[in-house]
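Asker: The amino acid sequence is not available; the structure is as follows:
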């Protein structure tokens, strides 16, 4: 399954990944050795996610993120 995340905030991405895994905040937090409060704060954009935690989530749940950087401007 491919999902375009162009217009999603990091908080929305975390919530989406958790939802796709069919986990409650408690279950998701436990799998990451974090508190439910921490996950809630991430999902509500009260805490910024670190790259380490983001990569841990991707790795733990076998998600892949592909970045397509296309900043070329047309000369026509």
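Answerer: Happy to help now that I have it. What you are looking at is a predicted structure, and each value in this text was computed from that prediction instead of being measured.

Asker: wait, doesn't residue 21 sit right on residue 28?
Answerer: Yes: counting by CB atoms under 8 Å, residue 21 sits close enough to residue 28 to count as a contact (7.0 Å). In this view, the C-beta of every residue, glycine as well, is placed from N, C-alpha and C.

Asker: More neighbours: which of the two?
Answerer: Under the criterion of other CB atoms under 10 Å, the comparison of residue 21 against residue 28 puts residue 28 first, with 24 against 15.

Asker: To which secondary structure element type does residue 48 belong?
Answerer: Three-state call for residue 48 (DSSP: H, G, I helix; E, B strand; the rest coil): coil.

Asker: what about it, distance to residue 42?
Answerer: Residue 48 sits 8 Å away from residue 42, going by CB to CB, to the nearest Å.

Asker: residue ranges of the helices in this protein, please?
Answerer: Assigned by DSSP state H, the chain shows helices spanning 10-20, 25-31, 36-43, 51-60.

Asker: So for this protein, which residue is the most central one in space?
Answerer: When the chain is reduced to its mean C-alpha position, the nearest residue by CA atoms, centre = their mean turns out to be residue 14, at 3.2 Å.

Asker: Without its sequence neighbours, what residue ends up closest to that one?
Answerer: residue 42 (5.1 Å; CB to CB, 6 or more residues apart in numbering).
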